[in-house]
Structures are given as C-alpha cells and as structure tokens.
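Participant: pasting the sequence and the predicted coordinates here, then a few questions.
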Amino acid sequence: MAVSFDPLGGGENSASDPIPEEGRGPSAIGESGRDSQSPPQGWRSAFTRAFARFFPAALAFALLLLVWEFYARLGGIAPTVLPAPSRVLEQAWENRAALAENTLPTIRATLAGFACSLIAAFALSALVDFLAPLRRALFPLLIASQTLPLVAIAPLVVLWFGFGLLPKILLVALVTFFPMMVALVEGYAATSAEISQMLAAMGAGRWRIFWLARLPSALPYFFAGLRISITYAVVGAIFAEYAGAAKGLGIYMLSAKNNFRPDLVLAAVAVSSALTLALFGLAVVVQRLAMPWERAGRNRKAEASERRS
Amino acid sequence: MTRLQLRDVRKNFGALEVLAGVSLDVGAGEFVSILGPSGAGKSTLFQLLTGAIRGEGEMRFDGAPLDGARFAFMPQRDALMPWRRVIDNATLGLEVQGMKRSTARERVAPLFAEFGLAGFERAWPAELSGGMRQRAALLRTVVQQRDMLLLDEPFGALDALTRAAMQRWLEGMWRSHRWTALLITHDVREAVLLSDRIYMLSARPARVVREVAVPLPRPRTESAALAREAAAIEAGILDTLLGQPTPINDHLMENRND
C-alpha cells in the first residue's frame, strides 16, 4: 500500500512544523467550517422577501373580488342571490355590532375546544407512546371518528348536550384532535435512534428519554398537525352553532340565510375566514418562538448556498 | 492493568449470527481500536457494552461483571440535539446523572476553548460545521467522567480533509488526557494513527482475526520516519483484511483466525 496522503505530517524534524503541536489551538484545525456567526439579516430585506412571497396571492385575491364585483353589478343578478363584495362589506359594517356579538361566542367555543383537544392530544399521545397495545386499541377508533359526517353528528351532539358551550367544545375537539394526535405519535417515532441509544447509555430511563428526546423530536410534526387542525377548528364551532345555539356565527349565518340576506351570510363567512387565518398566523408565530433552532439551521443552509453560487 | 475484559462474547439476531465469540482486553489509559469491514457487527458490540442489548459470553470491568454505567458513548453520527444549544448538548450527560443544569454548565464551559468551540456556547448545533459538531459531541462524551470512552466511528460522516484534521486533533487530545478508550472504525489509517493496539474483526459473523500492536511513539504527527513505519503497519493490516493476493469474493474473511 502506498502512502499517497501522508497522515503523520511532513518534514524530517518537528522544528519544520510552524505550529508546535502542543500549542496548536483549535483555530489551526484546517477545516472548512466558518468560525464566526452570521450577522442578523436586515429588516428591509426581510420585508422585501415577505412582500415578494405574499404579493402574488394578494393580487389573485384582488382580481377574484374584482371579477365578482363586475359580474354582480353588470350581470343583472339580484343582490338577494349574489351580492357584490362592496355590498357585503357595506352591510357588514352596518351590522358590525350584531356580527361582533355573534363572533365572540364562536371565538370562545373555538379556543376552548381547541385547548381541550390540545391537552387531550398530548396526554393520549404520551400514553400511547408508553403503552403500545393502547395504540392498537385506540387508533382504529380514532380513525373511525374521522369518518363521521359532521352534518349528522352536530345536531346529535346538541341534542345530547344542549345549547351551551359543551357541545361546541366537543365538536371542535372532534375535528381538531385527530391531526394533532397522529402528528405527535409519528413525531415521537421519528426520534433519532442514535440519540435514544446515547441517552440510554447515559443512564436515562424511559420517562427521561421521552422528555429529553421524544417530545422535542415531535415538535415539528406537532406544529404541522397544529396548522392543519387549527383550520378545522372554526368550521367545527360554526357547525355546532348551526345545529343549535343562542349566539354565534353559525346561528347568525342560519338566520341571515332564512331572512334571504346572502350578503350577511357572506359577511359572517368573511369573519370566520379571517378568524381561521388569524389562528393559523398565530400558530406559525408560536412555532417560530417555540423552535428558534429551525431558523438557525435554515440561515446556515441559505448562507452555504449563497457562498457556493 | 486490564480494565475491560471480553471473553467469547456472542450475539445472534434470530438465525443471524453477528458476533461469533469476540475476546479482547483494554488496559487503563490505553487507546484500543476495533477495525473491521462494514456490517461486521462492530456497533452490535457497543450495544452489548452499553447494555442496549443482551448477548452471551463474559464481559468484565475491573474484574467485576459489567454493569451499565462504565462507559461514555459517542455514537456514529454526532447525535447532537438540534433543539439544544451547544452548551446544553455538552451538559446532557451530566444532567441525566442528576446534576443541576446551571452547575453542569459551569463545569463544562471552561472546556470549550480546548475543544475549539469557544464563543459557540450559545449557538445551535445547526450553526456548526461538521468538524465542530464532532468536537461538541466528543466534549459531551468526555465530561461525563466515566471510566472509559466508547467511540463508534466518530469521524465517519466527515469529509476527508476534516476527518484527517479531526484525527490529528483527537490524537493530541488523547495525549494530554490519556482516556481509556475503545474506538470502532473501518478506517485503517485512523486506527493506526490513534491506537496503542488494534483488534481486527472478520466479516459477519465477527471474531477477532488478528491483534496488532502499534508501538509508534507519540506524538504521531511529527516525522517522516514515523509515517513510514505507520504505512508499513497499515499495509500489513490491509493485507490481513483483504487477503493476499486480494481475492474478490464474498467470504474472504472466513477462517482467518486459525
């Protein structure tokens, strides 16, 4: 075997080595890695990037509204069938007190239901992680729960639990629980085997490994599930209200429809959409705050690709 | 003084025989390598040592049957937790042992300079280069202050240049600390550069084919004369591992130990 790459350093005597071995600092290690942290990126470039990202969507949305507006005005369609967006906006403003009064209970039901669902998902997923047979017992049931048509279930839940907050909480939980539960269980399973093995070698027990490794490993999965389920949450609450409630966007839509006021139905729809988008945005913000290391990783990757180009 | 002593250690996974009787010793302050082809069962041996799996045979430490908490284990990839800052990765083992996080940080922080990580205490692992990640992983391993280090191909995932730099660095670190260490590798040069002795394993089912002493003086990164001696040892090892002349077949390691 020929020594093509000399592993033991060149030079006949050690004096020819410019760096004495003992005093060799870490910076002398010839590796390509950078030794300084990246400067924070400027707010302006962040703004331009955000603008570039959201502009196409905003433009498409504006175009859609514009086409709708012209069609409703010039198409000879009665406003009791298809009101123009401008009319929806106008009527929404006129009825803002009633809309706000009906939005608050929906928000309350959504948040309460979602909180219950979140706690249940964490508790049950942890339990399932520790007791594998429980997983086999529960998952078919959970999957079956997702096959229930909401239209049929909502009135029944109201029939069983009355017109109060409880049936709304239950329905919101029903539609939001499953994505989070599945995400968490899959997230636990995605824990690196090497990290688990290392922790075990350190003397960590099962609970320690769950807390130190499995739970944090599940975070990205959890937030993916959270973003999906949070978009169902408002819809779930509205369904429950539609089936029977004193106040709420669902019952407001129902009575507006019965009064031949599609403009007010659409106004309530706009409010519920805005609510869903706000919750989605909140989930994204919480994810950023909860997982600061993700951005660090992305910055480094972006930097590396910039250097290459 | 012999610290770790393995006698005829065997392990089967069902019908698959992975370890067919491995015997080896590691003395106090000795750096020993296990060299073998990929898939020979080297990592299985470490899993047996750390208690992750059970096998047959005798495993003793300081004369007594092996219990769990003797080893600080460094896995193949660095296994840094991306959600912990570098310093909190380094303190992980101490925290698992029950030390308070703040105390553990105080204990670990002064070592960052020696490991070439000064200034990166608060960085995320994703912000480090490959070599820095490996040094952080080694730091996490040695601060546990266990009796012996188990290093499972610690530089296998690095590019060639970084790996060579890391090997030299580790040789320097070992010289000043004299850890009792067992290294798994399939890099012949790495084994010769770092080890006092090398055990060569056959392909699966693994047994010790040959034991090679590396009597080269340290530091080993200094002279060309040393490099020539090292090259001779490397050539001998490769001859044993690959056979002589090199036959290309699937079972070239069989019956090499008789």
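Facilitator: Cool, the structure landed. Residues are numbered from 1 along each chain as shown, chains lettered A, B, ... in the order given.

Participant: can you give me the neighbour number for the closest residue in space to B:Asp67 that isn't next to it in sequence?
Facilitator: The shortest distance from B:Asp67 to any non-neighbouring residue, by Cβ to Cβ, 6 or more residues apart in numbering or on different chains, is to B:Phe61 (7.6 Å). For every residue, glycine as well, the C-beta is placed using N, CA and C. Neighbour count for B:Phe61, taken as other Cβ atoms under 10 Å in any protein chain shown: 19.

Participant: and for the one 3 residues further on?
Facilitator: Residue crowding around B:Ala64 was assessed by other Cβ under 10 Å; the count is 8.

Participant: from B:Glu58, how far off is it?
Facilitator: 11 Å (Cβ to Cβ, to the nearest Å).

Participant: list residues touching both of these two?
Facilitator: The contact sets of B:Ala64 and B:Glu58 do not overlap (Cβ atoms under 8 Å, 6 or more residues apart in numbering or on different chains).

Participant: and the strands in chain B?
Facilitator: In chain B, the strands defined using DSSP state E lie at B:2-13, B:16-27, B:31-35, B:56-61, B:64-65, B:71-74, B:148-152, B:181-185, B:197-201, B:208-213.

Participant: present these as a markdown table; the columns should include distance to A:Ala173 and mean pLDDT.
Facilitator: Shown next, in a markdown table, are the strands of chain B (distance: least, Cβ to Cβ, whole Å; pLDDT from 0 to 100):
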| stretch | distance to A:Ala173 | mean pLDDT |
| --- | --- | --- |
| strand B:2-13 | 44 | 86 |
| strand B:16-27 | 47 | 87 |
| strand B:31-35 | 54 | 91 |
| strand B:56-61 | 52 | 86 |
| strand B:64-65 | 53 | 84 |
| strand B:71-74 | 43 | 88 |
| strand B:148-152 | 45 | 90 |
| strand B:181-185 | 50 | 91 |
| strand B:197-201 | 56 | 89 |
| strand B:208-213 | 60 | 85 |
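
Participant: need those strands in TSV (columns: distance to A:Phe210).
Facilitator: Formatted as TSV, these follow (distance: least, Cβ to Cβ, whole Å):
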stretch	distance to A:Phe210
strand B:2-13	26
strand B:16-27	29
strand B:31-35	32
strand B:56-61	29
strand B:64-65	30
strand B:71-74	20
strand B:148-152	24
strand B:181-185	28
strand B:197-201	35
strand B:208-213	38
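
Participant: out of these, which comes closest to A:Met291?
Facilitator: strand B:71-74 (26.0 Å; Cβ to Cβ).

Participant: three-state assignment of A:Arg214?
Facilitator: helix (DSSP: H, G, I helix; E, B strand; the rest coil).

Participant: ok, and for whichever strand or helix holds A:Pro155, which residues are buried?
Facilitator: Using DSSP states H and E, A:Pro155 sits in helix A:150-161. Under the neighbour-count criterion of 16 or more other Cβ atoms under 10 Å in any protein chain shown, helix A:150-161 has A:Leu150, A:Ile153, A:Ala154, A:Val157, A:Val158, A:Phe161 buried.

Participant: what sits up against it?
Facilitator: Contacts for helix A:150-161 (Cβ under 8 Å, 6+ apart): A:Pro167, A:Leu170, A:Leu171, A:Leu174, A:Val175, A:Gly236, A:Phe239, A:Ala240, A:Tyr242, A:Ala243, A:Gly244, A:Ala245.

Participant: on that earlier part again, got the contact list for the residue nearest to B:Asp67?
Facilitator: B:Arg3, B:Leu4, B:Gln5, B:Asp67, B:Arg70, B:Asp147, B:Met148.

Participant: about what we covered before: filter the contacts of helix A:150-161 down to the buried ones.
Facilitator: The neighbour count (16+ other Cβ under 10 Å) marks A:Pro167, A:Leu170, A:Leu171, A:Leu174, A:Val175, A:Gly236, A:Phe239, A:Ala240, A:Tyr242, A:Ala243, A:Gly244, A:Ala245 as buried among the contacts of helix A:150-161.

Participant: and B:Gly243, how many neighbours?
Facilitator: Neighbour tally, B:Gly243, other Cβ under 10 Å: 14.

Participant: need the contact list for residue 99.
Facilitator: In the absence of a named chain, this looks at chain A. A:Ala92, A:Tyr252, A:Ala267, A:Ala268, A:Val271.

Participant: actually chain B
Facilitator: B:Thr91, B:Arg107.

Participant: flag every buried residue along stretch B:51-59.
Facilitator: Applying 16+ other Cβ under 10 Å to stretch B:51-59 flags B:Gly51, B:Ala52, B:Gly55, B:Met59 as buried.

Participant: format those residues as a markdown table; extra columns: distance to chain A.
Facilitator: As requested, those are arranged in a markdown table below (distance: Cβ to the nearest Cβ, whole Å):
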| residue | distance to chain A |
| --- | --- |
| B:Gly51 | 8 |
| B:Ala52 | 6 |
| B:Gly55 | 16 |
| B:Met59 | 15 |
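
Participant: from the residues you listed, which two are the most distant?
Facilitator: B:Ala52 and B:Met59 (13.2 Å).

Participant: could you pull out the helices in chain A for me?
Facilitator: A:43-74, A:85-94, A:96-130, A:132-145, A:150-161, A:165-189, A:193-202, A:206-209, A:215-243, A:249-258, A:262-290, A:292-308 (DSSP state H).

Participant: mean pLDDT and distance to B:Val142 for those helices - can I get that in CSV?
Facilitator: As requested, the helices of chain A are exported to CSV (pLDDT from 0 to 100; distance: least, Cβ to Cβ, whole Å):
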stretch, mean pLDDT, distance to B:Val142
helix A:43-74, 87, 41
helix A:85-94, 91, 66
helix A:96-130, 93, 32
helix A:132-145, 86, 36
helix A:150-161, 88, 57
helix A:165-189, 91, 30
helix A:193-202, 89, 13
helix A:206-209, 92, 21
helix A:215-243, 91, 24
helix A:249-258, 92, 60
helix A:262-290, 93, 31
helix A:292-308, 71, 24
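
Participant: kindly reformat these as TSV and extend each row with distance to B:Val143.
Facilitator: TSV is the format used below for those (distance: least, Cβ to Cβ, whole Å):
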stretch	distance to B:Val143
helix A:43-74	38
helix A:85-94	62
helix A:96-130	30
helix A:132-145	35
helix A:150-161	55
helix A:165-189	28
helix A:193-202	11
helix A:206-209	18
helix A:215-243	21
helix A:249-258	57
helix A:262-290	28
helix A:292-308	21
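
Participant: against B:Leu183, how distant is B:Leu45?
Facilitator: In this view, B:Leu45 and B:Leu183 are 12 Å apart by Cβ to Cβ.

Participant: with A:Arg261 instead?
Facilitator: Distance from A:Arg261 to B:Leu183, counting by Cβ to Cβ: 78 Å.

Participant: comparing the two, which residue is more hemmed in?
Facilitator: Taking other Cβ under 10 Å, A:Arg261 and B:Leu183 do not tie; B:Leu183 has more neighbours (26 against 18).

Participant: ok, the residue in the stretch 51-200 of chain A positioned nearest to chain B - contacts?
Facilitator: In the stretch 51-200 of chain A, the residue that lies nearest chain B is A:Glu194 (4.2 Å; Cβ to the nearest Cβ). Shown in contact with A:Glu194 (Cβ under 8 Å, 6+ apart): B:Pro75, B:Gln76, B:Arg77, B:Ala79.

Participant: of those, list those near chain A.
Facilitator: B:Pro75, B:Gln76, B:Arg77, B:Ala79 (Cβ under 8 Å from any Cβ of the partner chain).

Participant: pretty sure the first one is touching B:Asp152, no?
Facilitator: Yes. Using Cβ atoms under 8 Å, B:Pro75 and B:Asp152 qualify as a contacting pair, with a distance of 5.5 Å.

Participant: which parts of the stretch 201-309 of chain A sit against chain B?
Facilitator: So the stretch 201-309 of chain A meets chain B at A:201-204, A:208, A:212-213, A:216, A:219, A:291-293, A:296-297, A:299-300 (Cβ under 8 Å from any Cβ).
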